[in-house]
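A.B. asks: Build me a structure from this.
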Amino acid sequence: MEEDRLNSPHTSAISLEVFGHQLQFSQDPNSKHLGTTVWDASMVFVKFLERNCRKGRFCPAKLKGKRVIELGAGCGVAGF
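C.D. replies: The predicted structure follows:
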């Protein structure tokens, strides 16, 4: 049976609050796969969007009908 990678001794939990929602991710920074890591840049980007939305510079309504592609997202924090 395959090992449960999200509950191994190598994983760590990341918790991030965005727009009043608590997001929780499990990551394995020791993995050779880049998609198992919550990258610092993605957390900074999410907080940047949140701060600018609160200031009125950015709002989800401006994205309505738009297409977005996220490359190199790791665990995909910014996509959530």
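
A.B. asks: Verify the stated contact: Glu17 with Met43.
C.D. replies: No. Using Cβ atoms under 8 Å, Glu17 makes no contact with Met43, being 10.8 Å away. Heads up, the C-betas are built off the backbone N, CA and C, glycines and all.

A.B. asks: Could you check which of these two is surrounded by more residues?
C.D. replies: Each of Glu17 and Met43 has its neighbours counted (other Cβ atoms under 10 Å); Met43 has more, 18 against 10.

A.B. asks: show me what contacts that one?
C.D. replies: 14, 16, 77 (Cβ atoms under 8 Å, 6 or more residues apart in numbering).

A.B. asks: before we move on, which element is the nearest residue in space to Phe58 that is not next to it in sequence in?
C.D. replies: The shortest distance from Phe58 to any non-neighbouring residue, by Cβ to Cβ, 6 or more residues apart in numbering, is to Asn52 (4.2 Å). Assigned by DSSP states H and E, Asn52 belongs to helix 40-54.
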